[in-house]
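Colleague: Predicted coordinates and the sequence they were generated for:
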Amino acid sequence: MEKKKLVLHYLDGTVGAALSGVFPDGTESLRVETLEGRTIDVDLRELKAAFFVKTFSGNPGYEGSAERARLQPRKQGAFVRVTFLDGEVLVGEVSRDADLTKGFYLEVLDPNDNNILVYVNPGALRRPPEE
């Protein structure tokens, strides 16, 4: 399994960086490698989301586009907007067969965003994803 850069945002506001491969939807726990080389288990129900990113430094000042016309669809998934409990809003595509009541992947459509793929904990959302 190819390891990718992963930023873990916990419900308590803490953030961690790790390496991991893509894991199945609905997974409850995940074994990741820390940047120090240790292996730890992460309870995904304790996360807001797990962000697969291009770089760990990111681009904190970047304001992504939420206009569907400006985004680049990747698949024939459903275009959705998710609003987290902390007010953060993400837009992207989810698989049409994704169970949105369990953990699911949101593909980021903005090519300039540092996020590539986001594993969303539905327990961290204000309301269900909106099309």
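Modeller: Good, I have the coordinates.
Colleague: Give me the number of neighbouring residues for Glu93.
Modeller: Applying other CB atoms under 10 Å, we find 20 residues neighbouring Glu93. C-beta coordinates here come from the backbone N, C-alpha and C atoms, glycine included.
Colleague: Read off the pLDDT value for it.
Modeller: You'll see Glu93 listed with a pLDDT of 92.
Colleague: does it have beta-bridge partners, and which?
Modeller: Legend: beta-bridge partners of Glu93 under DSSP bridges are Phe79, Glu107.
Colleague: My guess is it contacts Asp110. True?
Modeller: No: between Glu93 and Asp110 there is no contact under CB atoms under 8 Å: 11.5 Å.
Colleague: Can you tell me which residue sits nearest the middle of the chain?
Modeller: By CA atoms, centre = their mean, the mean C-alpha position of the chain lies nearest to Val118, the distance being 1.6 Å.
Colleague: Doesn't that one lie inside a strand?
Modeller: Yes: counting by DSSP: H, G, I helix; E, B strand; the rest coil, Val118 is part of a strand.
Colleague: mind listing what it touches?
Modeller: Residues near Val118 by CB atoms under 8 Å, 6 or more residues apart in numbering: Ala49, Ala50, Phe51, Phe52, Leu90, Gly92, Tyr105, Leu106, Val108.
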